[in-house]
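S.K.: model this:
(chains A, B, C and D)
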Number of protein chains: 2
Amino acid sequence: MESVLGEAVALLDEAGAPALTFRALAQRLGGGVASIYWYVANKDELLDLATDHVMGGVLADLEKLPPSEDPIDDLRAMAVTLFEAVVHRPWLGAYFMRNTDVQSNSLRIYDLLGRQTLRLDLTARQRFHAVSAVVGVVVGSAVDMGQEPPQEVLDGAVDRDAFLGRFARTWRELAPEEFPFVHEIVDEFDGHDDVDQFRSALDLTLAGLRLQAGR
Amino acid sequence: MESVLGEAVALLDEAGAPALTFRALAQRLGGGVASIYWYVANKDELLDLATDHVMGGVLADLEKLPPSEDPIDDLRAMAVTLFEAVVHRPWLGAYFMRNTDVQSNSLRIYDLLGRQTLRLDLTARQRFHAVSAVVGVVVGSAVDMGQEPPQEVLDGAVDRDAFLGRFARTWRELAPEEFPFVHEIVDEFDGHDDVDQFRSALDLTLAGLRLQAGR
DNA sequence: ACCTGAACACCGTTCAAGT
DNA sequence: ACCTGAACACCGTTCAAGT
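M.R.: A predicted model of the protein is given here:
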């Protein structure tokens, strides 16, 4: 069982979500295709379990984080750690927290994040929404950034900067009256850092939360 | 071409992403499977174009929105409109803004949102990040909410409240010392409104943005 | 320019049968 | 309890051939 999930994650990490097929997995395990069905009910459950397998490691990282006196700073540090785990595994975003019956590590992570909001002066509903928002920023950013490479980047034929640059060039050719905002930000878009973009989105949410909690 | 995209969207709306196959689409169009390849290069492009087809309607809705004197309120109204279009079409979240060469309506929507930030005292980079954050909240929330129903809900065998209630029951049985946050919010989670959750996440981001823009 | 049938190489899943 | 080969019903995509 352990090795099934280990190989599944390895396959996903090496070549992305489409690479995880029962046939490829069986071959790496040196067994038959149908054997996997003794461990998991179907592919969805395989992905759920693979996700939770990875989350076990993330949970350990999160627990190692030193607490500070500011719950919002702690929440930020945890969100960044979670992001770093998810961003290189875009397949994960779609499954994280999808089925907490099967994903016990994911639920523990959710609880760990949420505990920081218990230190803030908020209603239960505000706490629930705050953690949903933070998880949303993490998963949303990571999935968005992970799906970006359209094949050529994965192949190494075109690097990310060249990929962004090609869009930037097209955007610069648009009529400025029709696309004033695109022109305003095209230089920022060109060669932008994904982590910066994530941190900004996270900081906006956390600034809003700080305001709401009155501190 | 128009009818290819129309039927593709109809298929997606009626039965979700897995229902869109070239064979099903060809049957509805009363033609052969291979014919579709005269209009689109592959399935990814079909999804890109179907997304932009829908976005044409959303763009029209956005342009009808009455402007106010507060750019952040306008941004909120636009985000809500976009959300309402995406939430019932979760397949869309994965494709929106994915390839702006093919998705001209999506790019127009992006520009329309961004124009509101031009009315705020921000740097170009802050504007770029702000719009990314808002789009992230919309798409992230919508995808998260859209993927929720695990089949039984779609079948109508179990409604959403019962589905949430089943998780809530499991959560209530967890040890409170181990999952203090889960216990804190389980009543909020049980039967919660997706739209509330989205609006809260959006409001946190916009509150942070308002602070950043100094108004 | 537009459409087609038939084939190809793949999927996830099942099932009767083995140890 | 654990594994298997072979089959089933599907996919996206291609291609030579038609109008």
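S.K.: which other helices and strands contact the helix of greatest length in chain A?
M.R.: Identified as the longest helix of chain A according to DSSP state H is helix A:124-147. Applying 3 or more Cβ pairs under 8 Å, 6 or more residues apart in numbering or on different chains; DSSP states H and E, we find helix A:124-147 packed against helix A:71-87, helix A:90-93, helix A:104-118, helix A:194-213, helix B:124-147, helix B:180-189, helix B:194-213. From N, CA and C alone the C-beta is placed, and that goes for glycine too.
S.K.: looking at those, which one has the lowest mean pLDDT?
M.R.: Of all the helices and strands packed on helix A:124-147, helix A:90-93 carries the lowest average pLDDT, namely a mean of 85.
S.K.: Tell me which residues of it come out buried.
M.R.: Under the neighbour-count criterion of 16 or more other Cβ atoms under 10 Å in any protein chain shown, helix A:90-93 has A:90-93 buried.
S.K.: still on that earlier bit, make CSV out of the helices and strands packed on helix A:124-147 and add distance to DNA strand C.
M.R.: Listed next are the helices and strands packed on helix A:124-147 as CSV, based on distance: least, Cβ to the nearest atom of the strand, whole Å:
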stretch, distance to DNA strand C
helix A:71-87, 22
helix A:90-93, 12
helix A:104-118, 21
helix A:194-213, 28
helix B:124-147, 16
helix B:180-189, 28
helix B:194-213, 27
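S.K.: Nearest to residue A:16, out of these?
M.R.: Among the helices and strands packed on helix A:124-147, the nearest to residue A:16 by Cβ to Cβ is helix A:90-93 (6.7 Å).
S.K.: and that closest one, anywhere near chain B?
M.R.: No. Helix A:90-93 is not in contact with chain B by Cβ under 8 Å from any Cβ of the partner chain; minimum separation 8.9 Å.
S.K.: Any chance you could give me that helix in CSV, C-alpha atoms only?
M.R.: Provided in CSV are the C-alpha atoms of helix A:90-93 (Å, rounded to 0.1, in the frame of the first residue of the first chain):
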residue,chain,number,x,y,z
PRO,A,90,-0.4,21.2,-9.5
TRP,A,91,-2.3,17.9,-9.7
LEU,A,92,-2.6,18.2,-5.9
GLY,A,93,-4.7,21.4,-5.8
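S.K.: What are the contacting residues of that helix?
M.R.: The contact list for helix A:90-93, computed with Cβ atoms under 8 Å, 6 or more residues apart in numbering or on different chains, reads A:12, A:16-17, A:20, A:47, A:51, A:54, A:85-86, A:139-140, A:142-143, A:145-147.
S.K.: hmm, try it at 6 Å
M.R.: Taking contacts as Cβ atoms under 6 Å, 6 or more residues apart in numbering or on different chains, the residues outside helix A:90-93 that touch it are A:12, A:17, A:51, A:86, A:139, A:142-143, A:146-147.
S.K.: Ok, stretch A:42-50 next?
M.R.: Under Cβ under 6 Å, 6+ apart, the answer for stretch A:42-50 is A:5, A:8-9, A:40, A:95, A:99, A:102-103.
S.K.: Quick check: the farthest pair among those residues?
M.R.: A:9 and A:99 (17.3 Å).
S.K.: Go through the contacts of stretch A:42-50 and name the one nearest residue A:61.
M.R.: Distances from residue A:61 to the contacts of stretch A:42-50, taken by Cβ to Cβ, are shortest for residue A:9, at 15.8 Å.
S.K.: Just give the closest residue to that closest one, not the sequence neighbours.
M.R.: residue A:50 (5.3 Å; Cβ to Cβ, 6 or more residues apart in numbering or on different chains).
S.K.: before we move on, what about residue A:83?
M.R.: Distances taken as Cβ to Cβ, 6+ apart put residue A:138 closest to residue A:83, at 4.9 Å, once the chain neighbours are dropped.
S.K.: Quick check: that neighbour touching residue A:80?
M.R.: No. Residue A:138 is not in contact with residue A:80 according to Cβ atoms under 6 Å; the separation is 8.6 Å.
S.K.: more neighbours, the two?
M.R.: residue A:138 (27 against 15; other Cβ atoms under 10 Å in any protein chain shown).
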